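[1] Got a predicted model here, sequence first, then my questions.
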Amino acid sequence: MSCSPTDRSVAAILDDAVAGRRISAGDAHRLLLDGDLIDLGLAADEVRSRLNDPEVATYNIDRNINYTNVCVYKCRFCAFYREPGDDEGYLLPFEEIGKKVEETLALNGTGILMQGGVHPDLPITYYEDLLRYLKSTYPEIHLHAFSPPEIKFIAKLERMSFYDVIARLKDAGLQSIPGGGAEILVDSVRKDVLAYGKTSSDEWLDIMRQAHKNGLRTSATMMYGMGEELEARVEHMQRVRDLQDETGGFTAFISWTFQHDHTEMEDVPETFAHEYLTTLAVSRLFMDNVRHLQTSWVTQGKKIGQLGLKFGADDMGSIMIEENVVSAAGTAYKMSQDEMEHLILSAGFEPRQRTNLYERLVTREDTAELAAKYRGSVTAGNRDLVSSLLPVVG
Ligand code: SF4
């Protein structure tokens, strides 16, 4: 796939994107190379306003639950995993995961994002039992879980097709699949950072295709800034856009920059705000068939995250009641619902909570009853996340 920059002018490319005419991968490469940040932001903001309510910016309340940190892979960019047999390896008991769900509900949450390392000893029945336990105990919580590397490993272990693994998990309660493990969907880059074994680019995309065929929506992600060429980022976006043309199953495109502390790649230079906002804006201009784009306050900090709402993003992502993977690489942020709403308001948008699949907006009244029921589950470390705006119920 050639994604060499076209020789078109930046102005002509921006005119096309703003008018709703699809731009090519080569055009996107040209914008990444030569686009002026403010011009890109203004154009991306116009596209964002065409695809989404220009007055509103959304966020969600969910929790990243990493049920295990044991992993058979050793991605060079990862500071989270522990090898099988390591003293620091863990596998959370179902009840402990249940407690985390209760705390999520107590904080007005609507879903969990559950993914692990890729544990070598867990058969498909482990995942089915976990999903059934959660769905039967907490029917209200949305289960967004098990990214393509986990699906691939289960398929290999059980000698099943990707489609059949996903069908079994769906039957047990899985409601959508997170786009984790995509990093950069270019095999040469994946080989460099030791992410090829967990899924090749084609495998990652095919697992998402099979999820969409199963009727499950998924997100698409991109983690960049690992020393790859700009062309690789463009190729990644092209492949996601192509699959979206085919299936329409991606809800959102979520990109963030590699965080290097405590990884084997600490020498890779950090990606700063200018490059982040440029990439965000270009992805909005290029990914014309993916409706929602998140801004990454978790890796960029709250202020740049907020600014992302003016560079093409329509969503601030989650308040992050718990996050273990990025924070293992030295970046730790979380925020309360009140602070999230304040950030969105002060950027000039009306803040609205949404569900995991962006299919509807959530009011405080929607979540109040469950929040009150589980209020006692809020742990000391998360008391500051309890919303002062929560209606008192019961
Ligand atoms: S990124 Fe995921 S698959 Fe790779 S080592 Fe870390 S936990 Fe394992």
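    All right, it came through fine. Numbering: from 1, shown residues only.
[2] for Leu293, phi and psi?
    phi -130, psi 130 (degrees, to the nearest 10).
[3] That one and Met316 touch, don't they?
    No: the criterion here is C-beta atoms under 8 Å, and Leu293 misses it with Met316 at 10.8 Å. For the C-beta atoms, the positions are set from N, CA and C on the backbone; glycine is no exception.
[4] what secondary structure does whichever residue of the stretch 151-300 of the chain sits closest to the ligand sit in?
    Nearest residue of the stretch 151-300 of the chain to the ligand (C-beta to the nearest ligand atom) works out as Lys198 at 4.6 Å. Assigned with DSSP: H, G, I helix; E, B strand; the rest coil, Lys198 falls in the coil class.
[5] these two touch, right, it and Ser147?
    No: counting by C-beta under 8 Å, Lys198 stays clear of Ser147, with 9.4 Å between them.
[6] So these two - more neighbours on which side?
    Between Lys198 and Ser147, counting by other C-beta atoms under 10 Å, Ser147 is the more crowded of the two (27 against 24).
[7] Got the confidence number for that one?
    pLDDT for Ser147: 97.
[8] how much space between it and the ligand?
    8 Å (C-beta to the nearest ligand atom, to the nearest Å).
[9] Contacts only, for the closest residue to that residue other than its chain neighbours.
    Leaving aside its chain neighbours, Ser147 sits nearest to Gly180 (3.4 Å; criterion: C-beta to C-beta, 6 or more residues apart in numbering). Contacts were defined as C-beta atoms under 8 Å, 6 or more residues apart in numbering; by that measure Gly180 touches 115, 147-149, 221.
[10] Work out for me the element Gly180 sits within.
    Using DSSP states H and E, Gly180 sits in no helix or strand.
[11] tell me the pLDDT at it?
    Gly180 is given a pLDDT of 95.
[12] Can you give me the neighbour number for the nearest residue to Glu322 once chain neighbours are set aside?
    Closest residue in space to Glu322, ignoring its immediate chain neighbours: Arg63 at 4.9 Å, by C-beta to C-beta, 6+ apart. Using other C-beta under 10 Å, Arg63 has 23 neighbouring residues.
[13] Isn't Arg63 up against Glu102?
    No: Arg63 is beyond contact range of Glu102, at 10.6 Å (criterion: C-beta under 8 Å).
[14] Ramachandran coordinates for the residue in the stretch 101-250 of the chain that the ligand sits nearest to?
    For the stretch 101-250 of the chain and the ligand, the shortest gap (C-beta to the nearest ligand atom) falls at Gly117, measuring 3.9 Å. Backbone torsions for Gly117, taken as degrees, to the nearest 10, come to phi -70, psi 180.
[15] now do Arg352
    According to degrees, to the nearest 10, Arg352 has phi -140, psi 130.
[16] is it true that it touches Thr58?
    Yes: the pair Arg352 and Thr58 qualifies as a contact (C-beta under 8 Å) at a distance of 5.2 Å.
[17] shared neighbours of those two, anything?
    Leu361.
[18] So for those two, which sits in the more crowded spot?
    Neighbours were counted for Arg352 and for Thr58 using other C-beta under 10 Å; Thr58 has more, 24 against 19.
[19] So which of the contacts of Gly180 are in strands?
    Judged by DSSP state E, strands contain the following of those: Thr221.
[20] Which two of the contacts of Gly180 have the greatest separation?
    Farthest apart among these by C-beta to C-beta are Pro149 and Thr221. That separation is 12.3 Å.
[21] Among the two, which residue is more densely surrounded?
    Pro149 (26 against 22).
[22] Need the nearest residue in space to the more buried one, chain neighbours excluded.
    Lys198 (3.9 Å).
[23] At the contact with the ligand, which residues of this structure appear?
    71, 73-75, 78, 80-81, 117-118, 149, 198 (C-beta under 6 Å from any ligand atom).
[24] okay, now Ser136: neighbour count?
    So Ser136, with other C-beta under 10 Å, has 9 neighbours.
[25] Wait, a helix at it?
    Yes: if the criterion is three-state DSSP, then Ser136 is within a helix.
[26] Which strands or helices does the helix or strand encompassing Arg132 pack on?
    Arg132 belongs to helix 124-137 when elements are defined using DSSP H and E. Judged by 3 or more C-beta pairs under 8 Å, 6 or more residues apart in numbering; DSSP states H and E, the packing partners of helix 124-137 are helix 94-106, strand 142-145, helix 148-158, helix 162-172.
[27] for it, what is the average pLDDT?
    pLDDT averaged over helix 124-137 gives 98.
[28] same question, stretch 291-304
    95.
[29] Give me the buried stretch members for it, please.
    Neighbour counts using 16 or more other C-beta atoms under 10 Å place 291-300, 302, 304 of stretch 291-304 among the buried residues.
[30] residues contacting Lys310?
    41, 45, 347.
[31] ditto for Met316
    Applying C-beta under 8 Å, 6+ apart, the residues near Met316 are 57-59, 294-295, 297, 305-306, 309, 340, 343-344.
[32] Neighbours of the closest residue to Thr221 other than its chain neighbours, how many?
    Spatial nearest neighbour of Thr221, chain neighbours left out: Gly179 (3.9 Å); criterion: C-beta to C-beta, 6+ apart. Residues near Gly179, counting by other C-beta under 10 Å, number 20.
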